[in-house]
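J.: need coordinates for the following:
(one chain, ligands or ions: 3)
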Amino acid sequence: MAKVTFHDYSTLSPEEKRALLRRSETDLSGFMEKVTPILEAVRLEGDRAVARFGRELDKADVTEATIKVTEAEFDEAFTLVGADVIEAITFGIDNIRHFHEEQKPEAMWLKEIKPGAFAGDRFTPIKSVALYVPRGKGSFPSVTMMTSVPAVVAGVPELAIVTPPAPDGRVDAATLVAARLAGVETVYKVGGAQAVAAVAYGTETIKPALKIVGPGSPWVVAAKRCLAGIIDTGLPAGPSEAIIFADDTVHGGLAALDLLIEAEHGPDSSAYLVTHSRRVAEEALAALPEHWARMTEQRVDFSSRVLSGTCGGIILTSSVEESYDFVNSYAPEHLEILSQDAFAHLGHITEAAEILMGPHTPVSIANFCLGPNAVLPTSRWARTFGPLSVTDFVKRSSIGYVTAPAYPEFAKRAHKLAEYEGFSSHAHAVSAVRDTYLPKRG
Ligand SMILES: NC(=O)c1ccc[n+]([C@@H]2O[C@H](COP(=O)([O-])OP(=O)(O)OC[C@H]3O[C@@H](n4cnc5c(N)ncnc54)[C@H](O)[C@@H]3O)[C@@H](O)[C@H]2O)c1
Ligand SMILES: N[C@H](CO)Cc1c[nH]c[nH+]1
Ligand SMILES: [Zn+2]
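T.: Ligands and ions are numbered 1, 2, ... in the order given. This is a model prediction of the structure:
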């Protein structure tokens, strides 16, 4: 059984404390170097490279002719997925849609800034967005739901999912079911760096998109970083991570149960239990083997590597304040506040992409079906980014309107500032010369 990493936080040196903030994706330079030839091949060879990398990297039976999922494959997917799974997808989509409809901004707002002068914002959908749905260390119909629903709510006219094919050359059936139920009809069998390149440059089959959203392995994150000058790559969502924050009002076995949720994604994930209660920490440590005994071999392997490595384990702090400080420095993707009074802690936490309150809101529920988006910034990007949302699928134009009566007051100030900044045309355009062209009032 793996030896779980245990940190007595107050005894750590500043350097050791800083090391706890690292994620597997902190240094992507090696991945960026390796994906560069893949990106270049897709740019130069299009479909031929997409199919070749599908065969080489995904070991998938895919050819240039089978990159796009057909209607027949969509229909077949509904026969392959159980009715209970379809029901769960439908339940999740319903809640996710409800949440994102609430979040959708008004198409336009306009306020009277000064009498007769108006300013506001207008939101219009981005014309084309690609949705990355991972597959490899798991299949992700839930990511299909989380990316497709806000895109459809926002009204993006051209949507396409890119997702790696399995060895049989098929896309995960539940992903196709979720896509159709959410309202996305185009799915391409391409994943990893080659998918990011395909939608950035376009190929014979795959239409280029203005933006790509969706989480992925470091291969995907590295490709996005390389192509950020070609395509909008949205929020940085890499290997999953979570902090389970627990106070002394809960059982440590519960904390251990939830610690394993995100730790099981892959060996590159990160997961910590942070508590100031020695009892909770010790109960958690004792409970982990019981929980592992109920998990599949692959998930035990992934989670035990995370919890015994340098990106996971148990952190025992000397006070609840120290726990808050650690959480805020770490800026986790998912945060669970395990406490009988979770709301008492909420005000102390400012840096976390998702905050789940109390013992009945484990990360699993939010990952699949509560409503908020589970595509979230990782690797401390929660300090500046929030979860994927409807606003990721629209762009904002500001609107200004000055009426004739309001014009002179504004022209006077604009003229002054234009002169100060040394822009003669700017100044000229709001000088008396303009008045000679304007319709006469009264
Ligand atoms: N942050 C979030 O919101 C969020 C949500 C869901 C999942 N995730 C994370 O997404 C990730 C999904 O990873 P995954 O591996 O299951 O799927 P993935 O689709 O992201 O990556 C698989 C692809 O990586 C490429 N690849 C694999 N090995 C390669 C190599 N040696 N060289 C070049 N390319 C290679 C292949 O093309 C393959 O198709 C996980 O880390 C998971 O934790 C994050
Ligand atoms: N935890 C992931 C986001 O980091 C979402 C997910 C989907 N399926 C399982 N988990
Ligand atoms: Zn998860």
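J.: residue contacts, whichever residue of the stretch 151-300 of the chain sits closest to ligand 1?
T.: Of all residues in the stretch 151-300 of the chain, residue 192 sits closest to ligand 1, with a separation of 2.2 Å (Cβ to the nearest ligand atom). Bear in mind the C-beta positions are built from the backbone N, C-alpha and C, glycine included. With contacts taken as Cβ atoms under 8 Å, 6 or more residues apart in numbering, residue 192 has the following neighbours: 35, 38, 53, 57, 58, 164, 216, 217, 219, 220, 223.
J.: so which of those residues is the most crowded?
T.: Neighbours here mean other Cβ atoms under 10 Å. Within the contacts of residue 192, the largest count is held by residue 223, at 30 neighbours.
J.: close to ligand 2, is the helix or strand hosting it?
T.: Secondary structure from DSSP states H and E places residue 223 in helix 218-226. No - in this structure, helix 218-226 remains apart from ligand 2 according to Cβ under 6 Å from any ligand atom; the gap is never smaller than 12.6 Å.
J.: a strand runs through residue 122, doesn't it?
T.: Yes - according to DSSP: H, G, I helix; E, B strand; the rest coil, residue 122 belongs to a strand.
J.: and the average pLDDT for stretch 51-59 is what?
T.: Summarised as a single mean, pLDDT over stretch 51-59 is 98.
J.: which residues of this protein lie near ligand 3?
T.: Along the chain, the residues adjacent to ligand 3 under the rule Cβ under 5 Å from the ion are 240, 367.
J.: ligand 2 contacts on the chain?
T.: Within the chain, the residues that sit near ligand 2 (Cβ under 6 Å from any ligand atom) are 140, 142, 143, 240, 262, 333, 367, 374, 376.
J.: and the pLDDT at the fifth one?
T.: So the one you mean is residue 262. Residue 262 is assigned 98 on the pLDDT scale.
J.: tell me who's in contact with residue 150.
T.: For residue 150, the contacting residues are 96, 100, 103, 373, 388, 389, 390, 392, 393, taking Cβ under 8 Å, 6+ apart as the criterion.
J.: from residue 140, how far out is the last one?
T.: Put plainly, it is residue 393. Per Cβ to Cβ, to the nearest Å, residue 393 is found 19 Å from residue 140.
J.: same question, the fifth one
T.: For residue 388, the distance to residue 140 under the criterion Cβ to Cβ works out to 13 Å.
J.: can you check the first one too?
T.: The span separating residue 96 from residue 140 equals 14 Å under the rule Cβ to Cβ.
J.: chain center to the very next helix or strand once past the helix holding residue 223, what's the gap?
T.: Note on helix 218-226: by DSSP H and E, the next helix or strand toward the C-terminus is strand 241-246. Distance of strand 241-246 from the chain centroid (Cα atoms, centre = their mean, to the nearest Å) equals 18 Å.
J.: okay, now the unreliable bits of the stretch 251-400 of the chain?
T.: Residues of the stretch 251-400 of the chain that meet the criterion pLDDT under 70 are absent altogether.
J.: what ranges do the helices span in it?
T.: Listed from the start of the chain, the stretch 251-400 of the chain has helices (DSSP state H, counting those that start in this stretch) covering 252-263, 278-292, 297-307, 320-330, 342-346, 363-368.
J.: packing partners for the fifth one?
T.: What that stands for is helix 342-346. Using 3 or more Cβ pairs under 8 Å, 6 or more residues apart in numbering; DSSP states H and E as the contact test, the elements touching helix 342-346 are strand 354-357.
J.: can you check the last one too?
T.: The contact analysis (3+ Cβ pairs under 8 Å, 6+ apart) places helix 363-368 against helix 252-263, strand 334-338, strand 354-357.
J.: among these, which is the most enclosed?
T.: The highest mean neighbour count among the helices and strands packed on helix 363-368 belongs to strand 334-338 (a mean of 27), with neighbours defined as mean count of other Cβ atoms under 10 Å.
J.: distance from the chain centre to it, please.
T.: For strand 334-338, the distance between its averaged C-alpha position and the chain's averaged C-alpha position is 17 Å (Cα atoms, centre = their mean).
J.: strands paired with that strand, and their directions?
T.: Taking DSSP bridges as the criterion, strand 334-338 pairs within the sheet with strand 241-246 (parallel), strand 354-357 (parallel).
J.: need the ones you listed in TSV with distance to residue 119, can you?
T.: Supplementary listing: those in TSV, determined by distance: least, Cβ to Cβ, whole Å:
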stretch	distance to residue 119
strand 241-246	40
strand 354-357	33
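J.: residue 388 and residue 140: which has the busier surroundings?
T.: Set side by side, residue 388 and residue 140 show unequal neighbour counts under other Cβ under 10 Å, the larger going to residue 388 at 28 against 25.
J.: what's near enough to touch the nearest residue to that one once chain neighbours are set aside?
T.: If the residues on either side of it in the chain are set aside, residue 388 comes closest to residue 375, at 3.9 Å by Cβ to Cβ, 6 or more residues apart in numbering. Taking Cβ under 8 Å, 6+ apart as the definition of contact, the neighbours of residue 375 are 143, 146, 147, 213, 214, 215, 235, 237, 387, 388.
J.: among those residues, which ones are in strands?
T.: With strands taken from DSSP state E, the overlap with those comprises residue 213.
J.: got a winner among the contacts of residue 375 for most neighbours?
T.: Neighbour tally across the contacts of residue 375 (other Cβ under 10 Å): the maximum, 33 neighbours, falls on residue 147.
J.: backbone dihedrals for the residue lying closest to residue 58 once chain neighbours are set aside, both of them.
T.: Closest residue to residue 58 apart from its sequence neighbours, by Cβ to Cβ, 6+ apart: residue 164 at 4.9 Å. In terms of degrees, to the nearest 10, the main-chain angles of residue 164 are phi -70, psi 140.
J.: correct me, but residue 265 touches residue 138?
T.: Yes - in terms of Cβ atoms under 8 Å, residue 265 counts as a neighbour of residue 138; the distance is 7.0 Å.
J.: tell me which of those two has more neighbours.
T.: Neighbour count, other Cβ under 10 Å: between residue 265 and residue 138, residue 265 has more, with 22 against 16.
J.: quick one: contacts for the more buried one?
T.: Taking Cβ under 8 Å, 6+ apart as the criterion, residue 265 is in contact with 137, 138, 239, 240, 302.
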